[in-house]
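Visitor: Mind folding the following:
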Amino acid sequence: MPKSAARAAIHAADTALLTLSHDLHANPETRFAERKAAGWATDLLERNGFSIEREAADLETAFVASYGTGPLVLGICAEYDALPAIGHACGHNVICASSVGAGLGLAAVADDLDITVRVIGTPAEEGGGGKIIMLDAGVFDDVHAAMMTHPAPGDFDIVDMTNTVLASVQFEVEYRGRASHAAGAPHLGINALDAATIAQTAIGVLRQQLPAGDLVHGIVTYGGEAPNIIPERTVLSYFVRSWTLERAHELEKKVRRCFEAGALATGCEMEVRPTSKTYSHMEADADLSRLYGRNVTALGRQAIEVPSDVRIGAGGSTDMANVSLALPAIHPGVGIANAIGFPHHSDFTRSCATADADATAIHAATALAWTAIDAAGTDDIRDRLLRRERRISPAR
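Guide: A predicted model of the protein is given here:
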């Protein structure tokens, strides 16, 4: 049976997969600098018979690993970038191990299923939009469906993350004023830090009128040289998020006006620069989500299905969402039992290198592989995927 064979292949490789996860965790690399991670992942895949295209889409740390020759091309996306300062606080080490594991499991049955397996190494999910760059470069053009999982705290899986994924616009704002002695000649200065203060105050007031799901957050990345020098330059990095791309762009206009207010009030010059590709909202494939949930249950875990008309108040953004707008795709949440904290906190970093995290990586690899097997073996779903025809829930 294909599922038994795939599961056996994953478990036969579990030592190598968990070594990969722990090596990534111990050697965190941030966006577009994941050289060790990409090397370790491709080495493992190559040792198991995959052909490797390195530097895919002209990105140094992207890759495409292929196995099989079947007409149905199923992509498993692997992420492996870490966060600045706090390492793998989003569990991308677990994602990489589970995606590589799913690829190995599917390779064992690729000929029987008449499929081609692609493990697609996608850098820079944490800002940078590696998948979007690869999508634009044509890496996904012949892929009929794409899948991955994302870890979170809990002993259950969330089958469809659509209603937790927000569109995101990322940019930085630079104010330029004029330096002067803060005590001797403050009247000769144009204070760029004052411009930032006014802008952030305006954004704080704007938040009172924002509907649920509209979020604005940012930091000051440069605020001046010394207290006795009027700051002539400040730089702020901001994210604007909402339930849909359209709403995110509307919110971005409002936030930009807040920054313009800072420039107008102080007389500073202002420049706005994008810091990443724009991340879209998610549109998960309904059939693939249903198959994933069924397989999670078969593996002995609870599968949570969020109703399509319910939007969860907390969420994040992912460039996998952009993939979901182009072809059938899923991005379910997979739980790490006994995890401490929430993603993007150092407590969660520690939770992603535990025995529970290891169990989650193997579970997710198996659930993904079984979902792909079901999709390839169900005639109506297989035919639809071959047409790259998406089938999404009516929520959005």
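
Visitor: where does the stretch 251-396 of the chain dip in pLDDT?
Guide: Flagging of the stretch 251-396 of the chain using pLDDT under 70 yields the residue ranges 307-314, 394-396.

Visitor: So which residues of it form helices?
Guide: Counting by DSSP state H, counting those that start in this stretch, the stretch 251-396 of the chain has these helices, from start to end: 286-298, 320-326, 346-351, 355-377, 379-386.

Visitor: which ones are touching the residue most central in space within the chain?
Guide: Of all residues in the chain, the one closest to the mean position by Cα atoms, centre = their mean is residue 318, 3.5 Å from it. For residue 318, the contacting residues are 125, 150, 165, 279, 282, 331, by Cβ atoms under 8 Å, 6 or more residues apart in numbering. All C-beta spots, glycine's among them, are computed from the backbone N, C-alpha and C.

Visitor: hang on, the earlier thing: which one of the helices of the stretch 251-396 of the chain lies closest to residue 24?
Guide: Ranking the helices of the stretch 251-396 of the chain by proximity to residue 24 (Cβ to Cβ) places helix 355-377 first, at 10.8 Å.

Visitor: Report the buried residues of the closest one.
Guide: Neighbour-count burial for helix 355-377, with 16 or more other Cβ atoms under 10 Å as criterion, is recorded at 356-358, 360-377.

Visitor: before we move on, what about stretch 76-85?
Guide: Counting neighbours by 16+ other Cβ under 10 Å, one finds that the buried residues in stretch 76-85 are 76, 77, 78, 79, 80, 81, 82, 83.

Visitor: Columns distance to residue 209, secondary structure and pLDDT on top of those residues, output as CSV?
Guide: Converted to CSV, the buried residues of stretch 76-85 look like this (distance: Cβ to Cβ, whole Å; DSSP: H, G, I helix; E, B strand; the rest coil; pLDDT from 0 to 100):
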residue, distance to residue 209, secondary structure, pLDDT
76, 42, strand, 99
77, 37, strand, 99
78, 41, strand, 98
79, 35, coil, 98
80, 39, coil, 98
81, 35, coil, 98
82, 36, coil, 98
83, 31, strand, 98
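
Visitor: neighbouring strands for the helix or strand harbouring residue 146, and are they parallel or not?
Guide: Assigned by DSSP states H and E, residue 146 belongs to strand 145-147. For strand 145-147, the paired strands and their directions (DSSP bridges) read strand 72-78 (parallel), strand 329-330 (parallel).

Visitor: Out of those strands, flag the one nearest residue 177.
Guide: With Cβ to Cβ as the criterion, residue 177 lies closest to strand 72-78 of the strands paired with strand 145-147, at 43.8 Å.

Visitor: can you give me the helices in the stretch 101-250 of the chain?
Guide: So, for the stretch 101-250 of the chain - with DSSP H, counting those that start in this stretch - the helices run 110-113, 130-136, 192-206, 245-266.

Visitor: Which strands and helices lie in contact with the third one?
Guide: Helix 192-206 makes packing contacts with strand 167-176, strand 215-222, strand 233-242, helix 245-266 when contacts are defined by 3 or more Cβ pairs under 8 Å, 6 or more residues apart in numbering; DSSP states H and E.

Visitor: okay, these in TSV with mean neighbour count and distance to residue 188 next?
Guide: What follows is the helices and strands packed on helix 192-206, written out as TSV (neighbours: other Cβ atoms under 10 Å; distance: least, Cβ to Cβ, whole Å):
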stretch	mean neighbour count	distance to residue 188
strand 167-176	22	16
strand 215-222	15	22
strand 233-242	22	16
helix 245-266	18	14
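
Visitor: Can you lay out these as JSON lines showing distance to residue 296?
Guide: Written out in JSON lines, the entries for the helices and strands packed on helix 192-206 read as follows (distance: least, Cβ to Cβ, whole Å):
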{"stretch": "strand 167-176", "distance to residue 296": "27"}
{"stretch": "strand 215-222", "distance to residue 296": "29"}
{"stretch": "strand 233-242", "distance to residue 296": "28"}
{"stretch": "helix 245-266", "distance to residue 296": "29"}
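
Visitor: and residue 186, which of those is closest to it?
Guide: Go through these one by one with Cβ to Cβ and the one that ends up closest to residue 186 is helix 245-266, at 12.9 Å.

Visitor: The closest one relative to strand 215-222, how many degrees between them?
Guide: Put simply, helix 245-266 runs at 40 degrees to strand 215-222, going by axes from the mean of the first three to the mean of the last three Cα atoms, to 10 degrees.

Visitor: Mind giving me the packing neighbours of helix 245-266?
Guide: Judged by 3+ Cβ pairs under 8 Å, 6+ apart, the packing partners of helix 245-266 are strand 167-176, helix 192-206, strand 233-242, strand 269-274.

Visitor: any idea what sits nearest residue 86, other than its immediate chain neighbours?
Guide: Once its chain neighbours are removed from consideration, residue 86 has its nearest residue in residue 346; the separation is 4.9 Å (Cβ to Cβ, 6 or more residues apart in numbering).

Visitor: for residue 335, that is, sorry about that
Guide: residue 154 (3.5 Å).

Visitor: just to revisit the earlier point, save the helices and strands packed on helix 245-266 as a markdown table, and put in distance to residue 386 too.
Guide: Converted to a markdown table, these look like this (distance: least, Cβ to Cβ, whole Å):
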| stretch | distance to residue 386 |
| --- | --- |
| strand 167-176 | 29 |
| helix 192-206 | 47 |
| strand 233-242 | 34 |
| strand 269-274 | 36 |
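
Visitor: still on that earlier bit, out of the buried residues of stretch 76-85, which two sit at the greatest distance?
Guide: Considering Cβ to Cβ, no two members of these lie farther apart than 76 and 83, which are separated by 22.7 Å.
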